[in-house]
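Q: What follows is a predicted protein model with its sequence.
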Amino acid sequence: MVINTNISAQSSARLLAESSALLSKSLARLSSGSKIVSPEDDVAGLAVSMRFDAQINRINAASTNVANAISFSQTQDGFLQKVSKALDRMSELAILAQDVTKTDTDRALYQKEFAALGAYINDLATKDFNGVSLFNGAALNVTTDSDGNTFSMTGVDLGATVYTDATGASVATTTDAVTALTKVKAAIEQLATDRATIGSNIARLTKYSEQLGVLRDNLTAANSRIKDVDVAEESTRFARYNILVQAGTAMLAQANANPQTALRLLA
């Protein structure tokens with residue numbers, strides 16, 4: 001029996017320190033909701049999780065880009081619906097102006113409305129969306145995934161000759177009205193093509209948006225399995241470590257008391 005070196009106390013202190021460290025880590029996991037509270041917990045898992053986090057953030061950014069592009073296209077179509085109604089009325093006026101029972105004075109009244117509708121269409125050609133022209137005909141490259149790949153969204157040009165010919169036509173005379181009708185019909189055909197183009201843009205962008213949503217959900221689930229703590233499992237560990245700390249504390253106290261028995265030999 002020795003006094004200077006208490007092996008039992010040293011061993012108990014070491015085991016108590018280990019149990020305390022495990023208890024602290026378990027508590028950190030439960031409080032943070034993450035089972036990787038420091039890199040050594042899962043070196044490879046941490047690396048994969050970091051890549052997943054970055055990719056998920058990029059996917060969220062791409063989803064925002066796609067959603068904004070859809071809004072852009074929907075705004076385009078909203079304006080083109082009004083253009084369609086204006087061109088329909090202009091074609092109607094071109095027919096009315098060909099009425100043989102109408103005088104040139106009557107046709108002059110038709111021309112006022114015809115010119116006003118043409119000016120309205122020309123004004124819409126200058127509209128923009130957050131500073132980006134809606135109808136300058138330029139294609140826009142929309143980022144569609146986390147790697148920066150893009151979809152070229154076909155543009156619409158309301159300043160094209162087929163539209164300006166129609167808006168600049170006249171129904172002031174019967175002859176002019178015949179010519180104006182031909183030009184307006186051509187503009188209506190082009191408008192149908194442009195609205196179909198916008199519709200196809202929206203359809204494709206919607207598919208990209210759905211694809212990004214599914215990918216984000218799958219990556220988030222995979223990332224969760226790597227870094228999120230299983231509360232039921234970890235709480236069981238916490239209870240075990242807590243008992244070990246309490247038992248280790250009691251045993252350390254007992255081990256520290258053992259050398260006192262040596263005093264009895266000196267009595």
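A: Great, that's in hand.

Q: what's across from residue 228 in the sheet?
A: residue 34 (DSSP bridges).

Q: Check what pLDDT residue 231 gets.
A: pLDDT recorded at residue 231 is 82.

Q: got it, and residue 242?
A: Per-residue confidence for residue 242 comes out at a pLDDT of 84.

Q: So it sits against residue 23, correct?
A: Yes. Proximity of residue 242 to residue 23 meets the contact threshold set by Cβ atoms under 8 Å, at 5.9 Å. From N, CA and C alone the C-beta is placed, and that goes for glycine too.

Q: between those two, which one's more packed in?
A: Neighbours were tallied for residue 242 and for residue 23 using other Cβ atoms under 10 Å; the higher tally belongs to residue 23 (20 against 15).

Q: so the more buried one is in which element?
A: Element membership of residue 23, judged by DSSP states H and E, is helix 7-32.

Q: elements contacting that helix?
A: Secondary structure elements in contact with helix 7-32, counted by 3 or more Cβ pairs under 8 Å, 6 or more residues apart in numbering; DSSP states H and E, are helix 231-257.

Q: Could you pull up the residues touching residue 234?
A: Taking Cβ atoms under 8 Å, 6 or more residues apart in numbering, we find residue 234 in contact with 26, 29, 30, 35.

Q: What ranges does the chain have for its helices?
A: Using DSSP state H, the helices found in the chain span residues 7-32, 43-96, 104-124, 161-167, 174-227, 231-257, 263-266.

Q: now the ones you listed in a markdown table, with distance to residue 131?
A: Putting those into a markdown table (distance: least, Cβ to Cβ, whole Å) gives the following:
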| stretch | distance to residue 131 |
| --- | --- |
| helix 7-32 | 43 |
| helix 43-96 | 12 |
| helix 104-124 | 17 |
| helix 161-167 | 23 |
| helix 174-227 | 20 |
| helix 231-257 | 49 |
| helix 263-266 | 90 |
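
Q: Out of those, flag the one nearest residue 151.
A: Between residue 151 and the helices of the chain, the tightest spacing by Cβ to Cβ is seen for helix 174-227, at 6.5 Å.

Q: roughly how far apart are the spatially most central residue of the chain and residue 109?
A: The centroid of the chain falls nearest to residue 63 when counting by Cα atoms, centre = their mean (2.4 Å). Residue 63 sits at a distance of 52 Å from residue 109 (criterion: Cβ to Cβ, to the nearest Å).

Q: sorry, back to before: looking at the helices of the chain, which is buried most?
A: Between these, the one whose residues have the most neighbours on average, counting mean count of other Cβ atoms under 10 Å, is helix 161-167 (a mean of 20).

Q: elements contacting that one?
A: helix 104-124, helix 174-227.
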